[in-house]
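Undergrad: I would like the atomic coordinates for the input below:
(2 chains)
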Amino acid sequence: MTLIAMMLLTMVTTRVNTQISDIDSISTSSKYALAAISLAESKIEYASNLAYDEKTVGAVVNTTSSLTPVASLGIDSGENAYVDTTFDDFDDYNGFKDTVKNMMSTVYYISCTVNYVDPLVNSSIPGKTAATSPTWSKCLNIMVTGKNMKDTIRMSVVNSYWKFR
Amino acid sequence: MGYTTLLDILGAFFIAGILLLSLRQIGNNTVINLQYYTKDYTMQRDLAQLIAQIERDFKRIGYTTNSELITSTADAITQASDTCITIVGDFDDSGTVQSVKYYVGSVSELSSTHNPNDRILYRQVGASAAQKINYNVTYFHLDYYDSFDKAITTPVATSSTGSIATIQIYVRLQSPDTYATSIDNDSAKYTDLYWRQMRVTAKNLKNR
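TA: Down below sits the predicted model:
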């Protein structure tokens, strides 16, 4: 009887502790996720304000063949791959990686990819299917991970080129 | 009654005592955790709602279908300091522009709470009465940068608001009351949430 009581006690205690620990983990993780979303949205906001392409920084482009080739998406000469304030166009974020250490006492890792997308192909999932040649739309995919986060935050935005005449 | 039976009864009482003490401790911890997680959940929900509101407004800085109503960034941001900003745009898509002012109140407004740093965040549309949109703000800070990503000193002079290209928004929420870290130790701890976001101001003005 004594042994059964002790086993019961151990099981109850373990079960309660596990549940409390799980709730704590979920709550903490969602706090960090909120901060991670703010970081991802900041990158999206900043990138969306840049020129569509290196070729459109100071000029108007009329054909997609004039845009940066798929293989050349990324930083251009004079830009620092680790400092996005040196970027001047949207696809400079391709391959961009950043580490944020001064938020919520943890470390966040941001990584970005940019690819051309065709809005008419698989339009329900923007950015899911990368186009093999330049198009008028580019998709920025951002992943944010953190030391205390269970999940990875993934956000995407499609930026299209247009010009009033 | 034999010696073994007596030992069994004493052992059973001992185990039952431990079990009851453990159950009491579990009950106490459950109450503490329930209190903490309820506050935490409420604050996370409040922060998400607050940010949605701020994002909705800040996205519309300078927005109007009549470009003559707002001709420059200076018209779109009429007041800018580290804790207060007045932005202008057609926020409700009515064809007219309104001003929206965000500012935090004094800590003395919430002196009834345990938290000495919590303030009310206000949102005021035009000349109407300011709405209290959050009661748990312990830090609301705005940094401004020009188009070269150079920080602009606050408060920004009215004549210089046109140079604001990006705004960095910091929001920190804390619970108004402490939660006990254990039933015997009521040490002061607040549930704490943080948000930092950069917003571009000139998007609506640039696309003309």
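Undergrad: who does the residue nearest to the spatial centre of chain B bridge with?
TA: The centre of chain B sits closest to B:Leu173, judged by C-alpha atoms, centre = their mean, with a distance of 4.0 Å. Beta-bridge partners recorded for B:Leu173 (DSSP bridges): B:Val137, B:Leu193.
Undergrad: what residues does chain B put near chain A?
TA: B:8, B:11-12, B:15-16, B:18-19, B:22-23, B:26, B:29-30, B:33, B:37, B:40-41, B:44, B:47-48, B:51, B:55, B:149, B:166, B:193-200, B:202-203, B:206, B:208 (C-beta under 8 Å from any C-beta of the partner chain). C-betas here are computed from N, CA, C, even on glycine.
Undergrad: low-confidence regions, chain B specifically.
TA: Applying pLDDT under 70 to chain B flags residues B:1, B:180-188, B:200-208.
Undergrad: which residues in it form strands?
TA: B:77-80, B:84-89, B:98-104, B:119-125, B:131-145, B:151-152, B:166-174, B:192-200 (DSSP state E).
Undergrad: give me whichever of those is most buried.
TA: strand B:84-89 (a mean of 22; mean count of other C-beta atoms under 10 Å in any protein chain shown).
Undergrad: any idea which strand is longest in chain A?
TA: Max-length strand for chain A by DSSP E is strand A:106-117.
Undergrad: tell me if the helix or strand bottoming out on mean pLDDT in chain A is near chain B.
TA: Between all helices and strands in chain A, the lowest mean by mean pLDDT, DSSP states H and E belongs to helix A:2-48, at a mean of 84. Yes: on the criterion C-beta under 8 Å from any C-beta, helix A:2-48 is in touch with chain B at A:2, A:5-6, A:8-9, A:12-13, A:16, A:20, A:23-24, A:27, A:30-31, A:34-35, A:38-39, A:41-42, A:45-46, A:48.
Undergrad: same for that helix, what does it pack against?
TA: Counting contacts by 3 or more C-beta pairs under 8 Å, 6 or more residues apart in numbering or on different chains; DSSP states H and E, helix A:2-48 packs against strand A:97-103, strand A:106-117, strand A:137-146, strand A:153-160, helix B:3-59, strand B:192-200.
Undergrad: is the second one anywhere near chain B?
TA: Translated: strand A:106-117. No: Strand A:106-117 stays out of contact with chain B when judged by C-beta under 8 Å from any C-beta, the minimum separation being 10.6 Å.
Undergrad: how far away from the center of its chain is that strand?
TA: 4 Å (C-alpha atoms, centre = their mean, to the nearest Å).
Undergrad: about what we covered before: can you say which of the helices and strands packed on helix A:2-48 is packed in most?
TA: Mean neighbour counts for those (mean count of other C-beta under 10 Å) peak at strand A:137-146, with a mean of 22.
Undergrad: report the angle between that strand and helix A:2-48.
TA: 140 degrees (axes from the mean of the first three to the mean of the last three C-alpha atoms, to 10 degrees).
Undergrad: CA-only coordinates of strand A:137-146 in CSV, if you can.
TA: What follows is strand A:137-146, C-alpha atoms only, in CSV (Å, rounded to 0.1, in the frame of the first residue of the first chain):
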residue,chain,number,x,y,z
SER,A,137,7.5,40.6,-59.1
LYS,A,138,10.0,39.6,-56.4
CYS,A,139,9.3,37.7,-53.2
LEU,A,140,11.3,38.3,-50.0
ASN,A,141,11.2,35.4,-47.6
ILE,A,142,12.3,36.1,-44.1
MET,A,143,13.1,33.5,-41.4
VAL,A,144,13.7,34.5,-37.8
THR,A,145,14.9,32.0,-35.3
GLY,A,146,15.9,32.6,-31.7
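Undergrad: mind listing what the spatially most central residue of chain A touches?
TA: Centroid-nearest residue in chain A: A:Ile142, 1.4 Å away (criterion: C-alpha atoms, centre = their mean). For A:Ile142, the contacting residues are A:Ala40, A:Lys43, A:Ile44, A:Ile110, A:Ser111, A:Cys112, A:Ile153, A:Arg154, A:Met155, A:Ser156, by C-beta atoms under 8 Å, 6 or more residues apart in numbering or on different chains.
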